[in-house]
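1. Provide a 3D model corresponding to the input given below.
(2 chains)
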Amino acid sequence: MRGVAIIGCGMTRFGKLERGLVDLLVEASLAAITDAGASERGFDAIYVGNMCSGELNGVTGVASVLADRIGLLPAAADRIENGPASGGSAVKAGFMAVASGIHDLVLVAGGEKMTDTPTGRLADVISTLLHPYEYACGATLPSLGALLARMYMEKYGVRRESISLVAVKNHKNGSLNPYAHFQKEITLDDVLNSPVVAEPLRLYDVCPVSDGAAALVLCPAERASEFTDTPVIIKGVGHATDVQSVTERDDPTVLSALRVASEKAYEMAGVEPGDVDVAELHDAFTILEVVQSEDVGFFRKGEGARAVEEGETWLGGRIPINPSGGLKARGHPLGATGVAQIVELTWQLRGEAGRRQVEGAEVGLSVNFGGFGNSILVHILERR
Amino acid sequence: MKCRFDGFEEFHPGWESGSLVSFTLLHALPERARGEAPYALGIAEFGGVRCFGRVRGKDLKVGVKVRAVIDVVGEVGGAPIRGLILVPEE
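-> Numbers count the residues shown, from 1 in each chain, chains lettered A, B, ... in the order given. Here you go, the predicted model:
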């Protein structure tokens, strides 16, 4: 297996944007290609992470449309759909294509255009990824997040205020990120007094509806020096699946797919949780960052909220989580998120993250969460 | 009953005596629930089996005793779907 390097990255700002999905993908892709110095190169393949272009935008086949729009013909083009983990799956597909030797120069993009769709309709479309019985009962993703939050608080004796500190932290980080949907700090009172979405989760416990796109350029590690002096290496990839119905899991407060995916990624990368300097976790709901920070191995089970309270996951802490602002503040255009997490880590490892830079970061980890935790991807990156 | 086999066995968990494991009152409703008031969803355990359903009743608390009844829990494509309604003991 060949080593795989990230030699370029780029993204649009996330938020409520005027442009359409393909325009967003074009903007992010051209930024990544320019960053890689690959504007004159022939690309072998394009992988585009996207969940709902047909349902939300009336456009399908977006990968081949992107190849045509940015002049990468005749590169092979695939759209990858894996729910909110579509972006992470697209990165994995690009990694495998280069690692296997099938392709040399690959563009990975992810994007979603969501804000044109009314929120009730969006909730319907997104909740089609739930178990059909839970869907029929009227469940949505936030409702499952709420059920998880209550079970977690009961089991581990955690106060909901501790969980909501994740939102305060991530909005503070987002205020330092010019690409973030929300660039404004909030207080714990703001979270606790915001409208109820699904008790006990309130509006500021939940990620926003966003538009946006992100992109990476990958090549074999041994050829990275043709393009850049600062390649970032994809050292580990893990991906695992869990029972679709949250109710039927052995312990619904444990993300078993994350435990398996992270073990695989750590083993491939030859690192341990304590070696990770910066992480981008999938905080679609505040409770998810807490639970993921435990099941990825940073903290013992039940200790994730305490770690937020004590500043361990804030910028300047032992293991900064979501310096980008995470899904909570950077935003969550579904198919873009898994790619944007790796764009942020690439900037962090290259020392280009500006006011949110984690000093001396050498190893970064991302968690992209599909379904309601039934498909989870972990990527580990390292500065060469 | 084993994975990757098509055999099933009947299991009777005792729908009269369950315990509420978690619940939420959903305010941000999906389009398919248009016209409904905010509704509660929950998970209850019956004889070691965890089940998901709609919840009836007020002042819900984790650990309260519930029974399950079968009734319409929603609609998909215009067709009513029957499932579990979790009802706390008075």
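
2. mind checking which helix or strand the residue nearest the centre of chain A is in?
-> By Cα atoms, centre = their mean, chain A has its centre lying nearest to A:Gly338, at 3.4 Å. Using DSSP states H and E, A:Gly338 maps to helix A:334-350.

3. Next secondary structure after that helix?
-> Heading C-terminal from helix A:334-350 (DSSP H and E), you reach strand A:363-370.

4. Quick one: distance of the helix or strand following that next one to the chain centre.
-> Following strand A:363-370 in sequence order, the next helix or strand is strand A:375-383 (DSSP H and E). Averaged C-alpha coordinates place strand A:375-383 at 10 Å from its chain's average position (Cα atoms, centre = their mean, to the nearest Å).

5. Stretch A:216-225 now?
-> 22 Å.

6. buried sites along that stretch?
-> Using 16 or more other Cβ atoms under 10 Å in any protein chain shown as the test for burial, stretch A:216-225 gives A:216-221, A:223-224. (C-beta placed from N, C-alpha, C; glycine too.)

7. can you list the residues of the stretch 151-300 of chain A near chain B?
-> The stretch 151-300 of chain A comes close to chain B at residues A:151, A:154, A:195-201, A:245-248, A:252, as judged by Cβ under 8 Å from any Cβ of the partner chain.

8. Tell me who's in contact with the nearest residue to the residue nearest to the centre of chain A once chain neighbours are set aside.
-> Spatial nearest neighbour of A:Gly338, chain neighbours left out: A:Gly87 (2.7 Å); criterion: Cβ to Cβ, 6 or more residues apart in numbering or on different chains. For A:Gly87, the residues meeting the contact criterion (Cβ atoms under 8 Å, 6 or more residues apart in numbering or on different chains) are A:49, A:110, A:214, A:334-341, A:368.

9. For the residue lying farthest from the centre of chain A, which three-state class applies?
-> Relative to the C-alpha centroid of chain A, counting by Cα atoms, centre = their mean, A:Glu40 is the outermost residue, at 29.5 Å. Look at A:Glu40: counting by DSSP: H, G, I helix; E, B strand; the rest coil, its state is coil.

10. Mean pLDDT per helix and strand in chain B: which one sits at the bottom?
-> Between all helices and strands in chain B, the lowest mean by mean pLDDT, DSSP states H and E belongs to strand B:65-76, at a mean of 91.

11. Which elements pack onto that strand?
-> helix A:132-136, strand B:18-26, strand B:39-46, strand B:49-55, strand B:79-88 (3 or more Cβ pairs under 8 Å, 6 or more residues apart in numbering or on different chains; DSSP states H and E).

12. For the fourth one, which helices and strands make contact with it?
-> Spelled out, that is strand B:49-55. strand B:18-26, strand B:39-46, strand B:65-76, strand B:79-88.

13. I'd like to check the angle between the first one and strand B:65-76, please.
-> This points to strand B:18-26. Calculated by axes from the mean of the first three to the mean of the last three Cα atoms, to 10 degrees, strand B:18-26 forms an angle of 40 degrees with strand B:65-76.

14. Run the contact check for strand B:18-26 versus chain A.
-> Yes. With Cβ under 8 Å from any Cβ as the criterion, chain A is reached by strand B:18-26 at B:21-26.

15. one step back: would you mind getting the angle between the helix holding A:Gly338 and strand A:363-370?
-> Going by the same axes, to 10 degrees, helix A:334-350 makes 170 degrees with strand A:363-370.

16. Run through the chain and note the low-pLDDT ranges.
-> I went with chain A, as the question did not name one. For chain A, not a single residue meets the criterion pLDDT under 70.

17. was after chain B, sorry
-> In chain B, residues with pLDDT under 70: B:1.

18. what residues are up against the closest residue to A:Pro273 other than its chain neighbours?
-> The shortest distance from A:Pro273 to any non-neighbouring residue, by Cβ to Cβ, 6+ apart, is to A:Gly297 (3.4 Å). By Cβ under 8 Å, 6+ apart, A:Gly297 lies in contact with A:262, A:266, A:272-273.

19. Including neighbour count, could these go into JSON lines?
-> Shown next, in JSON lines, are the contacts of A:Gly297 (neighbours: other Cβ atoms under 10 Å in any protein chain shown):
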{"residue": "A:Ser262", "neighbour count": "27"}
{"residue": "A:Tyr266", "neighbour count": "22"}
{"residue": "A:Glu272", "neighbour count": "11"}
{"residue": "A:Pro273", "neighbour count": "15"}
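
20. List the ones among the residues you listed that fall in helices.
-> A:262, A:266 (DSSP state H).

21. Can you pick out the most distant pair from the contacts of A:Gly297?
-> By the measure Cβ to Cβ, A:Ser262 and A:Glu272 form the most distant pair in the contacts of A:Gly297, at 10.4 Å.

22. who are the neighbours in contact with the residue most central in space within chain B?
-> For chain B, B:Gly53 is the residue whose C-alpha lies nearest the centre (Cα atoms, centre = their mean; 1.5 Å). Going by Cβ under 8 Å, 6+ apart, B:Gly53 touches A:137, B:41-42, B:44, B:68, B:73, B:83-86.

23. count of neighbours near residue 48?
-> By default, I'm working from chain A. 34 (other Cβ atoms under 10 Å in any protein chain shown).

24. that's the wrong chain, I meant chain B
-> 8.

25. residues in contact with it?
-> B:Pro13.
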